[in-house]
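S.K.: sequence plus the predicted model coming up.
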Amino acid sequence: MRWPAVRRLPNAFGLLTKRPLERVVSDAYVGPVISNPAVRREVSKVLKGISPSFTLAAATKLTDFRKPVLLVWAPEDRLFPFAHAQRLSEIFPDARLERIEDSYTFVPEDQPERLAALIDAFMC
């Protein structure tokens, strides 16, 4: 991840963003991990601790959430299929599902203006 060209590979940001990130943006994501051993240790702990059991346990409580929910999803997302968004929208009692085209997982990087407009409309 020290070299910007590597960051576009599928095991880096290549599956997350539809277009290459600006260098300053990708540096902000990876810089602390590259330059700080303490951050690397903490990131390693987090990644080793990821377990579907936590997600499944949290999912059982979603039906109890009674506030409005905005789900914003990229139909082209290759890591989190749109079917997951549809399923999730059916779990929440008051969910609104919005599609953001021309984007992958990192919607805020690919389509920041569209995302901001949806959040603004939802909050009003």
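M.R.: Perfect, I can see it now.

S.K.: the domain parsing of the protein - what is it?
M.R.: Using automatic domain parsing, the domain parsing of the chain gives 1-50, 60-124.

S.K.: and those, which one averages the lowest pLDDT?
M.R.: Mean pLDDT per stretch puts domain 1-50 lowest among these, at a mean of 82.

S.K.: just how off-centre is that one within its chain?
M.R.: 14 Å (Cα atoms, centre = their mean, to the nearest Å).

S.K.: which ones are touching residue 79?
M.R.: Listed by Cβ atoms under 8 Å, 6 or more residues apart in numbering, the contact partners of residue 79 are 15, 16, 104, 105. No exception for glycine: its C-beta is placed from N, CA and C like everyone else's.

S.K.: for burial, what's the neighbour tally of residue 53?
M.R.: 8 (other Cβ atoms under 10 Å).

S.K.: quick one: which helix or strand includes it?
M.R.: Using DSSP states H and E, residue 53 falls within helix 52-59.

S.K.: residues in contact with that helix?
M.R.: residue 91.

S.K.: which is the next helix or strand following that helix?
M.R.: strand 69-73.

S.K.: about what we covered before: top of the contacts of residue 79 by neighbour count?
M.R.: That'd be residue 104 among the contacts of residue 79, by other Cβ under 10 Å, with 22 neighbours.

S.K.: that one contacts residue 81, correct?
M.R.: No. Using Cβ atoms under 8 Å, residue 104 makes no contact with residue 81, being 11.8 Å away.
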